[in-house]
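Asker: Sequence and computational prediction follow.
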Amino acid sequence: MEAITHGAFSACAAALQTQTTRPSWTLENYSISSDGGKLEFDLGAIGKGFALDRMAEVLREWSCPAFLLVAGGSSILAGDAPAGTAGWSCGLGDDNSPQRYWLKNCSLSGSGLAVKGKHILDPRTGKPAPRQNRAWALCDTAAESDALSTACMVLDEIEITQILAGEKSWLVFLEENGNARPLGGRALPLPV
């Protein structure tokens, strides 16, 4: 995700609060080696999604393909639609959001500043994310949607559009004037 987002997502962005440059590291044979700088990992922007993806694997192994997994409201992973429905009704934003879609076999994650304030850092600068409104990402996996929604808080619209041009299975929603505008080539889910 760090390579695809041109550094807008990084699990070690928090390191810039205690050192002037981002640490370099190597992952090899399930082992992380520090190649320079002090390693400080914050997996909050991808950890919930990764956990949801693992839970979905277990549910599918148990022959339970229809499920909706929710982690803190900002990370949602939908399996198959329940019998007789178009999917799982999920909204962009608060529980009473008027922008709702039927989700199935995809993940929706949101990032913003409303709950935790300016907690999202631009890994490229170490400064708080410039976007003031919320961003959502719709992807095949929850780890992808978690990381992408966080990166979209850092990226400008031109950068997001360039990334989405190479990733056809991703869709991003950027909040403007209380509405979320979609970007990307993935088809919108059916509205509720």
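Answerer: Perfect, I can see it now. Residues are numbered from 1 along each chain as shown.
Asker: contacts and neighbour counts: CA atoms only from here.
Answerer: Will do.
Asker: SS state for the residue positioned nearest the centre of the chain?
Answerer: Residue closest to the average C-alpha location in the chain (CA atoms, centre = their mean): residue 146, at 2.0 Å. Using DSSP: H, G, I helix; E, B strand; the rest coil, the structure places residue 146 in helix.
Asker: tell me the contacts of it?
Answerer: Contact partners of residue 146, counting by CA atoms under 8 Å, 6 or more residues apart in numbering, are 45-46, 48-49, 75, 108-111, 137.
Asker: which stretch of helix or strand covers residue 35?
Answerer: strand 31-36 (DSSP states H and E).
Asker: how about that strand: buried residues?
Answerer: Across strand 31-36, burial judged by 16 or more other CA atoms under 10 Å covers no residue at all.
Asker: Show me what the helix or strand that it is followed by is packed against.
Answerer: Tracing the chain past strand 31-36, the next element assigned as helix or strand by DSSP H and E is helix 44-61. Here helix 44-61 touches strand 68-71, strand 75-78, helix 142-151, going by 3 or more CA pairs under 8 Å, 6 or more residues apart in numbering; DSSP states H and E.
Asker: The helix or strand that the last one is followed by vs helix 142-151, what angle?
Answerer: Following the chain from helix 142-151 toward its C-terminal end, the next helix or strand by DSSP H and E is helix 157-166. An angle of 160 degrees separates the directions of helix 157-166 and helix 142-151 when computed by axes from the mean of the first three to the mean of the last three CA atoms, to 10 degrees.
Asker: how far does helix 157-166 sit from the chain's center?
Answerer: What separates the centre of helix 157-166 from the centre of its chain is 15 Å, taken as CA atoms, centre = their mean, to the nearest Å.
Asker: what residues does that helix touch?
Answerer: 4-5, 152, 170-171, 183-185.
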